[in-house]
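S.K.: generate a structure from the sequence data that follows.
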Amino acid sequence: MAVKKQNHELGTAEETMGPAVAGMRPEAVGRHLGLRLKLLRAGRGWSLEAMSGASGVSRSMLSEIEREKANPTLAVTMRIAQAFGMSLGDLIGAPDAAATITVIRKHDRAFHYRSEGNCRIRTLSPLHLEKDVEFYEVALGNNGALRSAPHFAGTREFITVVKGLLTLESAGEQDLLHSGDSASYRADVPHALVNAGKTETLVFLVVIYP
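M.R.: Residues are numbered from 1 along each chain as shown. You can find the predicted model right below:
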């Protein structure tokens, strides 16, 4: 009986989300939802506590979803969608497989991953992609820095400095990059992007997971 109920809920979710997401592997759907929730919450400037209050979903569950450690039920996902004033399809759905162009508008707050102090990050990757590759725009103000803990083993990052001066750090080594310079480096060790100038530094960042 429990299996039948589970299968019924899965079918309903697939019908609601549409064929593009229904065709994804379960881990890809979880990865998509985790990033989507994180971006939407950051765009609203909501803490996990605020998100919990708006959705009625516990803070711990929201944290687990964002970290791709939980596979939420349809009911939980619907409550999250309603908190953002969205339909379930808008929250989870991916563009139709036949579409050839996906546009990310500059002022779409859903893609503003982080905006605080002297570090602003905007994701340039369509949210429905399986996240083997991620593409970001990173803006570092005066004295700004983006310091990261090690990612999964084998992860690499590629950057191009669009403007400004940047110190790149990886595994205890560092190099100075000028506007127009590009570099690749290990990201499965502690690494950092540090503004080495007195004006804003703008960087395009690509993360490639193994």
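
S.K.: quick one: low-confidence parts of this protein?
M.R.: For the chain, the stretches flagged by pLDDT under 70 are 1-31, 93-99, 109-115, 126-131.

S.K.: span of stretch 171-188 from start to end?
M.R.: Across stretch 171-188, the terminal residues are separated by 9 Å (Cα to Cα, to the nearest Å).

S.K.: give the next helix or strand downstream of the strand or helix carrying Ala50.
M.R.: Per DSSP states H and E: Ala50 is located in helix 48-55. Scanning forward in sequence from helix 48-55 by DSSP H and E, the next helix or strand is helix 59-66.

S.K.: off-centre distance for that following helix?
M.R.: Computed by Cα atoms, centre = their mean, to the nearest Å, the chain-centroid distance of helix 59-66 equals 15 Å.

S.K.: which helix or which strand is home to the residue nearest the centre of the chain?
M.R.: By Cα atoms, centre = their mean, the chain has its centre lying nearest to Leu35, at 4.0 Å. Element membership for Leu35 (DSSP H and E) is helix 26-44.

S.K.: ok, residues contacting stretch 50-66?
M.R.: 30, 33-34, 37-38, 41, 44, 46, 48-49, 70, 72, 76, 79-80, 82-83 (Cβ atoms under 8 Å, 6 or more residues apart in numbering). C-beta coordinates here come from the backbone N, C-alpha and C atoms, glycine included.

S.K.: how does it look with 7 Å?
M.R.: If you take Cβ atoms under 7 Å, 6 or more residues apart in numbering as the criterion, stretch 50-66 is touched by 33-34, 37-38, 41, 48-49, 70, 72, 76, 79-80, 83.

S.K.: if you rank these by neighbours, which is first?
M.R.: When neighbours are taken as other Cβ atoms under 10 Å, the top entry among these is Ile80 (26 neighbours).

S.K.: so what's that residue up against?
M.R.: 37, 55, 57, 91.

S.K.: swap in Glu49?
M.R.: Arg59.

S.K.: check Asp175 too.
M.R.: 168, 183.

S.K.: would you mind writing the CA trace of the helix or strand that it is a member of as CSV?
M.R.: Take DSSP H and E as the rule and Asp175 turns out to sit in strand 173-178. Coordinates of each C-alpha in strand 173-178 appear next as CSV, following Å, rounded to 0.1, in the frame of the first residue of the first chain:
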residue,chain,number,x,y,z
GLU,A,173,50.6,29.2,-4.1
GLN,A,174,49.5,32.6,-5.6
ASP,A,175,49.8,34.6,-8.8
LEU,A,176,48.9,38.1,-9.8
LEU,A,177,46.5,38.5,-12.7
HIS,A,178,45.7,41.6,-14.8
